[in-house]
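Asker: How does the following fold in three dimensions:
(chains A, B and C)
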Amino acid sequence: MNRASHTLAVVGPLDLDLTFSCGQAFRWQRVDGGWSGVIGRAEVLARPNGAGTLAVEILGEDPGEDSLQQYLRLDEDPRVHLEHAEELRSVPGFLPLLGLRLLRQDPWETLASFICSAAANIRKITTCVEGLARGAFPPAEAIARVREADLRELGLGFRAPYLLGTARAVAAGSAWSWERLRSGPIEDARKRLTALPGVGPKIADCVLLFGLDRLEAFPVDRWIRRATQELSSRRRARDQELADWARRLGPGRGYLQQILFHLRRTSGPLPALAPETRRRPVTAGRPATARRPARAR
DNA sequence: TCCTCTCCTTGCTT
DNA sequence: AAAGCAAGGAGAG
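Answerer: Here you go, the predicted structure:
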């Protein structure tokens, strides 16, 4: 087995514990002095190294420094995502969490993992995902071949037929293109994802955010529902209204979502933010009187 | 079309 | 010990 080691430069704050335990990924484990996980076909051990660097040891197929930096999003200071959301600075406990790095995970693994997340807690999700994986995460084609009973034995329960159906659809979909979901209109991508069994709006947004680098995706789960209802002072607001409200947090709102998720889970209710005072940017070519443009079919 | 309710597995918590 | 709860989704009414 191949071995390699890298020293990666880190821009901005980095909190490995937070990054790997916050519920965005389910296969990283705390080991002495760092965290171990799987990236591609490699087993990886990451350790804080001081002086703005991260020590990474590789066992297996070395992804290379660039891929590691990309996966861990070390080339980007998380604080840039606060640029359009300065108001979050006033939320107690928020700023110290900016060492959280939103990982750039494999889209298929993200999709399969979050299908397992329905009505489960992080520990149960971890059990299911670890049960599915032996080293490298199995491709859709591999899961498409197993029986539903095999998945139930792993503890997937009612999610078993969902994962099987989605694996078959992805494996069979010759037109299935992750690249298209990554770069095309986000509403189209969302529609394609929610057409899969076991994938509703929340899981689709998780795949877009964690697996396809769409930081404008804003998954609303029960914790974010509470958090945004509190921040916006809209106690009875629906998920769609909350997602719309969150647009004020800017194009990096998905990144901020992950921090808010952790904060709300660990620190309880959040304070209300001041009402929006900024004027909405004027859409070119559309008169201000045209309040409600017809929805696209 | 949209809202609400129920069911669906499992395992840990209260 | 029975009920509640956990990164939801599908189907019915």
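Asker: switch to C-alpha atoms for all contacts and neighbour counts from now on
Answerer: OK.
Asker: Enumerate the residues of the stretch 1-150 of chain A near DNA strand C.
Answerer: A:22-24, A:115, A:117-122 (C-alpha under 7 Å from any atom of the strand).
Asker: Can you list the residue ranges for strands in chain A?
Answerer: Using DSSP state E, the strands of chain A run over A:3-9, A:29-31, A:34-39, A:42-48, A:53-60.
Asker: Take those and write them to TSV, including mean neighbour count.
Answerer: Shown next, in TSV, are the strands of chain A (neighbours: other C-alpha atoms under 10 Å):
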stretch	mean neighbour count
strand A:3-9	16
strand A:29-31	14
strand A:34-39	19
strand A:42-48	20
strand A:53-60	18
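Asker: Out of those, which is closest to A:Gly250?
Answerer: strand A:3-9 (27.1 Å; C-alpha to C-alpha).
Asker: Compute the inter-axis angle for that closest one and strand A:42-48.
Answerer: Angle, strand A:3-9 to strand A:42-48, by axes from the mean of the first three to the mean of the last three C-alpha atoms, to 10 degrees: 40 degrees.
Asker: picking up where we left off before, got a winner among the residues of the stretch 1-150 of chain A next to DNA strand C for most neighbours?
Answerer: A:Ile115 (26 neighbours; other C-alpha atoms under 10 Å).
Asker: give me every residue that touches that one.
Answerer: Neighbour list for A:Ile115: A:159, A:162-163, A:198-199, A:203 [criterion: C-alpha atoms under 8 Å, 6 or more residues apart in numbering].
Asker: Out of those residues, which is nearest to A:Gly268?
Answerer: For the contacts of A:Ile115, the residue nearest A:Gly268 by C-alpha to C-alpha is A:Ile203; the value is 23.6 Å.
Asker: what's near enough to touch the closest residue in space to that closest one that isn't next to it in sequence?
Answerer: Excluding the flanking residues, the one nearest A:Ile203 by C-alpha to C-alpha, 6 or more residues apart in numbering is A:Phe114, at 6.0 Å. If a contact means C-alpha under 8 Å, 6+ apart, then A:Phe114 has A:203, A:206-207 as its contacts.
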